[in-house]
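Enquirer: got a predicted model here, sequence first, then my questions.
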Amino acid sequence: MDTKIFDKLKILAEAAKFDVSCASSGTTRNNPGKGIGSTSGWGICHSFTEDGRCVSLLKIMLTNCCIYDCAYCANRRSNDIPRTTFSVSELVELTVEFYRRNYIEGLFLSSGIVRNADYTMERMVRVAKDLRTVHKYNGYIHLKSIPGTSRELIAEAGLYADRLSCNIEMPSEESLKLVAPDKNYQSIYTPMSYIQQGFLQGREDRQKYRHALRFAPAGQSTQMIIGASQDSDMKILNLSDALYRRPAMKRVYYSGYIPINTYDTRLPAIAAPPLVRENRLYQADWLMRFYHFKVNEIVNEAHPSLDLDIDPKLSWALRHPEMFPVNVNTADYEMILRVPGIGVKSAKLIVAARRYGRLTSGNLQKIGIVMKRARFFITCNELAANTVHETGPEYIRKALTDSVNPKKRKTNDRQLVIDFGE
Amino acid sequence: MLYFIYDNTFEGLLTCVFDAFNRREFPQKIVRTDTALPLFTEPFRVITDTDKSERVLNALKKKISHSAVRMLFVDFLSELEGIETVIFRYIQKAVTAKTSIEMNFADADVLELSKIYRKVMREEERVRQFVRFQKTADNIYFAVIEPVYNVLPLTGRFFKTRYADQQWIVYDAKRKYGLFYDLNTVETVCFDSLDISPAGNINPEKLDESELAFRILWKDYLKAVTIRERINLKLQRQYMPVRFWKYLTEKNGE
């Protein structure tokens, strides 16, 4: 084995680490011909790095050379960093050997842009093609599509990849133009719609012919940076909502901005990445995808940003006390889903279990409901306790935020500290 | 107090059910052969009979869905103390009830078994996550793991489809048996003596020559993809419990 591969792996893994997408779900490959690998169900996280993020796919760049100069990116042209490129065979060998040892679930391949979009994309597609055709590899492949790629290459990529993605990078076109003058929304949306058309076409073909080739069966995903521009949560979530309306769009990822190029004054100087805001955005995202919430219920003109102290579901509930308390023995599934402290699984359990008899708060607790939050918003087969109407939303907000690890709160920011200089 | 004693097999447990209904005597508890019995018990030794267990299984399938029957088997693999008695009570309720009881989560036994099912399946997922194969000189991929529950039987099919073109062994160091795939079928194997280090590593001389290089590459890779601004060791431990680190290639010796 060439010893250069050790350095290459370090450099190119480091270069790819800011891509958030890690999902290896949404597709099934059964490995019928006794090749390598299979894909099914939710995907598997094989390891976790010290930042707590999962490692499911071998997330790596083909090259970190790039002709673009985007302000937020570590691999921008004007940065003085070691540059290197994998050959197709090196990358294929690495993927297969890692896969055989159960280190990874598949490959996530991204790349800096060399010469032009199509030249880069073509080499990425070759990696995927080699894996699928030469090595009979049935593991997961996620290919990044380079902004401005032609329709032909997207069409080929879709045949080998499970998921394609095209990062939207910034929540609005103005902010994108500011930090990435070489990119625009058109160059991102065009490949995105090629993927969508291919996906729909592939799905239709499969309905007609059982052996029709699948096109990116796990759809596409995208990613945007949070906290690097002035865009509000309302803007961000409305954009995600619009993206989720596209049939092939499976995931929108939010990446808390980490200042890498601190010398670039177009980006804000921040001390720590906005991790809480990122978390709240993901929670809001989940509400839209799994909890039947509409985007304007989570954020609207009156409440353009998400509450950082409490999660968006509780925040909605406190703004709408008129919807509560919910009787768990009679209410619709949709309404039970909206109760803070009840998740999708528990809501389903409740709906299934109440057919056998009335549920009591003891049952609910055993089912796994977080009564600490839920008790203000439900009634069950018992005497009414203090609900949101008796206590008032303000009390609940205080009770639930103060109880969140009081020890962890380093200082009480409402208490004035007088320094006596001892 | 009537105690049934069975031989630690699922068939044995089903035979207990058959015998109980047959004798119209329902045990207080069902215990394994190696259990020390308390004073004042009336033990009854159940002799495992596949015909009887088949009949119970068929009767069960008429009352509850196939997935619920499978759930019982998965619960059995948890090897938790007293699980036999809970499964017995569940079967007793399922057989005598007019309608299927499997969704009645207000019933303590139904809820408990569904919770244990989730725990066991979670452990099975962790085996799939954290098994790390090492390639030996004779082209066998070997892995050691110590799951809390006896979940290896559940993972065989998964590894068989995924690694269909390589020979592999997944070895449970706690229960001293493993699964071996010889490119055609998966079989259970036991080793009299196993030449591995406490961290599950095979003697380096018996490894494939490229194996150590790939281990280093994997460790390097994980270091490189860590975002240092976001270090969160607690979260890492939450997702990847420390009890698995012993046999993880990337955590060896930590």
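Expert: Structure's in. What do you need?
Enquirer: who are the contact partners of residue 220?
Expert: I'll assume chain A. Shown in contact with A:Gln220 (Cβ atoms under 8 Å, 6 or more residues apart in numbering or on different chains): A:Arg163, A:Leu164, A:Ser165, A:Cys166, A:Met192, A:Ile195, A:Gln196, A:Phe199, A:Ala248, A:Met249, A:Lys250. Quick note: C-beta positions are derived from backbone N, CA and C, even for glycine.
Enquirer: the chain in question should be chain B.
Expert: Contact analysis of B:Asp220 by Cβ under 8 Å, 6+ apart lists A:Phe6, A:Leu9, A:Lys10, A:Ala13.
Enquirer: which helix or which strand is home to the closest residue to chain B within chain A?
Expert: Minimum separation of chain A from chain B (Cβ to the nearest Cβ) falls at A:Gly52, amounting to 2.9 Å. Counting by DSSP states H and E, no helix or strand carries A:Gly52.
Enquirer: could you check how far it is from B:Tyr239?
Expert: For A:Gly52, the distance to B:Tyr239 equals 7 Å [Cβ to Cβ, to the nearest Å].
Enquirer: A:Tyr137 now?
Expert: Separation of A:Tyr137 from B:Tyr239 (Cβ to Cβ) stands at 27 Å.
Enquirer: same check, this time on B:Ala137
Expert: Going from B:Ala137 to B:Tyr239 by Cβ to Cβ gives 34 Å.
Enquirer: what packs against the helix or strand that contains B:Lys93?
Expert: Assessed by DSSP H and E, B:Lys93 sits inside helix B:83-96. Contacting helix B:83-96 under the criterion 3 or more Cβ pairs under 8 Å, 6 or more residues apart in numbering or on different chains; DSSP states H and E are the following elements: helix B:10-23, strand B:29-32, helix B:50-63, helix B:66-77, helix B:108-130.
Enquirer: residue 242: neighbour count?
Expert: All of this refers to chain A. A:Ala242 has 12 neighbours, counted by other Cβ atoms under 10 Å in any protein chain shown.
Enquirer: switch to chain B, please.
Expert: There are 11 residues near B:Val242, going by other Cβ under 10 Å.
Enquirer: quick check: closest non-adjacent residue to the residue in chain B positioned nearest to chain A.
Expert: Residue of chain B nearest chain A, by Cβ to the nearest Cβ: B:Leu235 (2.9 Å). Leaving out its chain neighbours, the residue that sits closest to B:Leu235 by Cβ to Cβ, 6 or more residues apart in numbering or on different chains is A:Gly52, at 2.9 Å.
Enquirer: try A:Glu122
Expert: Using Cβ to Cβ, 6+ apart, the closest residue to A:Glu122 is A:Leu153 (6.1 Å).
Enquirer: and the one you found, helix, strand or coil?
Expert: Classification of A:Leu153 using DSSP: H, G, I helix; E, B strand; the rest coil returns helix.
Enquirer: if I look at it, what pLDDT would I see?
Expert: pLDDT for A:Leu153: 94.
Enquirer: list the contacts of it.
Expert: Going by Cβ under 8 Å, 6+ apart, A:Leu153 touches A:Asp118, A:Met121, A:Glu122, A:Val125.
Enquirer: A:Val370 now?
Expert: A:Pro340, A:Gly341, A:Ile342.
Enquirer: ok, B:Tyr3 next?
Expert: Each residue near B:Tyr3 by Cβ under 8 Å, 6+ apart is listed here: B:Pro27, B:Gln28, B:Lys29, B:Ile30, B:Val31, B:Leu37, B:Thr41, B:Glu42, B:Pro43, B:Phe44.
Enquirer: what do you get for A:Ala216?
Expert: Contacts of A:Ala216 (Cβ under 8 Å, 6+ apart): A:Ala157, A:Gly158, A:Ala161, A:Asp162, A:Arg163, A:Leu164, A:Ile195, A:Gly198, A:Phe199, A:Gly202, A:Ala248.
Enquirer: swap in A:Gln365?
Expert: A:Met371.
Enquirer: how close does it get to B:Ala199?
Expert: Using Cβ to Cβ, A:Gln365 is found at 41 Å from B:Ala199.
Enquirer: having no further points to raise, I will conclude here.
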